[in-house]
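Asker: Sharing a model that was predicted from the sequence below.
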Amino acid sequence: MTRSRVLRFTRRHVLATAAALASAAIAGPAAAQAYPAKPITFLVPFAAGSATDQLARALGTSITEETKQAVVVDNKAGASGMMAAQAAARAAADGYTVLITTNTTHAANEHLYKKLPYDPVKDFAPVTGLGKGGQVLVVKVDSPYKTVADLVAKAKKDSGKLSFGSGSSSSRVAGEMFKQLTSTEILHVPYKSNPNALTDLLGGQIDFMITDTATGVPQVKGGKLRALGVSTTKRIALLPEVPTIDEAGVKGYDMGYWFAAYVPAGTPAPVVERLRALLVNGTKSAAAKSFFDAGGSEAWTTTPDELTRFQAAESQKWGRIIKAAGIEAE
């Protein structure tokens, strides 16, 4: 190719790129102004009834009321949230597919699995944090274990005979951390989602689980489960009589969780900002407030940049916990 042809090609390429960027700059605000012009799909990595599902539905109700557009909640439970995260990563980058998720898919999984079908950083554009909460260690209401000390004593006496269930990475790591700090061997039983694990706990198939408060507290209040301890360093208002697991003798125990919203990488910034505003408003709605109050969690919102930094710090934290717990990547 001659030098003149190279120059002509380069000039055409530069002009075409400039035109595309200018067009995107013009279309961006217009697209955001029109957004949402059709129904939005919320992809949820856990089953109906899970804490993430409950929050997604509350936020969806708020967005529908504000925009008059439907929000469809699509529960893709299984594989520790990987199915939903993969589907979201592959969706069109137009703001109409939103991943309502937790630290499971965006901080823990990369340390629990050797190969992920998605990249928690490169495949997504952060939108906003949504909420934070703690977990609760629960047993059947007629269980012989009345305290955390009872559970630990049994686990030490009959090594490997007790079992705990989990339906999320938060719940799994909470149980593994319990094993590590109590120097016990307890069988882990995996489930697609925490409500599925609770069903087996109520049926006596497993001995205990450490689940998010939004899922566990209603069962405790309903008299079906007994709470032995909460995972955070402070007691929660919904269960003031229940000690922290640390207070109950497992020193250094502290394990919470968070919710956040992501869209596919490449989603126009004006659309991300419009969606963020809708979600932030949603966290203040009556439905969301009811969810946070009932589960002992709280609203927590961020800018996209703040969520990016927070996610990076959380990934490092979860990596340390998982390594210290001796969990081998699958």
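Answerer: Structure's in. What do you need?

Asker: can we go C-alpha only for contacts and neighbour counts from here?
Answerer: Fine.

Asker: Which segments of this protein make up each domain?
Answerer: If the domains of the chain are taken from automatic domain parsing, they occupy 38-133+257-324, 134-230, with pieces of a single domain joined by a plus sign.

Asker: ranges for the helices of this protein?
Answerer: Remark: helices of the chain, listed N- to C-terminal, are 3-34, 51-67, 82-90, 103, 109-112, 148-157, 169-182, 194-202, 213-221, 269-283, 286-295, 304-324; assignment by DSSP state H.

Asker: Figure out which of the ones you listed is closest to residue 40.
Answerer: Of all these, helix 51-67 sits nearest to residue 40, with 8.7 Å by Cα to Cα.

Asker: Flag every buried residue along that closest one.
Answerer: 51-64 (16 or more other Cα atoms under 10 Å).

Asker: Turn those residues into JSON lines, including pLDDT and distance to residue 302.
Answerer: As requested, those are exported to JSON lines (pLDDT from 0 to 100; distance: Cα to Cα, whole Å):
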{"residue": "51", "pLDDT": "88", "distance to residue 302": "20"}
{"residue": "52", "pLDDT": "93", "distance to residue 302": "18"}
{"residue": "53", "pLDDT": "95", "distance to residue 302": "20"}
{"residue": "54", "pLDDT": "93", "distance to residue 302": "20"}
{"residue": "55", "pLDDT": "96", "distance to residue 302": "16"}
{"residue": "56", "pLDDT": "98", "distance to residue 302": "17"}
{"residue": "57", "pLDDT": "98", "distance to residue 302": "20"}
{"residue": "58", "pLDDT": "97", "distance to residue 302": "18"}
{"residue": "59", "pLDDT": "98", "distance to residue 302": "16"}
{"residue": "60", "pLDDT": "98", "distance to residue 302": "18"}
{"residue": "61", "pLDDT": "97", "distance to residue 302": "21"}
{"residue": "62", "pLDDT": "98", "distance to residue 302": "18"}
{"residue": "63", "pLDDT": "98", "distance to residue 302": "18"}
{"residue": "64", "pLDDT": "98", "distance to residue 302": "22"}
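
Asker: List just the nearest of these to residue 275.
Answerer: Nearest to residue 275, judged by Cα to Cα, of those is residue 63 at 9.2 Å.

Asker: How about that closest one: what's its closest non-neighbour residue?
Answerer: Sequence neighbours aside, residue 278 is the residue nearest to residue 63 in space, at 6.1 Å (criterion: Cα to Cα, 6 or more residues apart in numbering).

Asker: Surely the one you found is in contact with residue 61?
Answerer: No: look at residue 278 against residue 61 with Cα atoms under 8 Å: they stay out of range, at 10.9 Å.

Asker: before we move on, the earlier item: quick check: which of the domains of the chain is nearest to residue 236?
Answerer: domain 38-133+257-324 (6.6 Å).

Asker: so how far is that closest one from its chain's centroid?
Answerer: Its chain's average C-alpha position is 7 Å from that of domain 38-133+257-324, according to Cα atoms, centre = their mean, to the nearest Å.

Asker: got a list of what residue 254 touches?
Answerer: Applying Cα atoms under 8 Å, 6 or more residues apart in numbering, one finds that residue 254 lies in contact with 231, 232, 233, 245, 246.

Asker: cool, residue 213 as well?
Answerer: Residue 213 touches 133, 134, 135, 136, 295, 296, 297, counting by Cα under 8 Å, 6+ apart.
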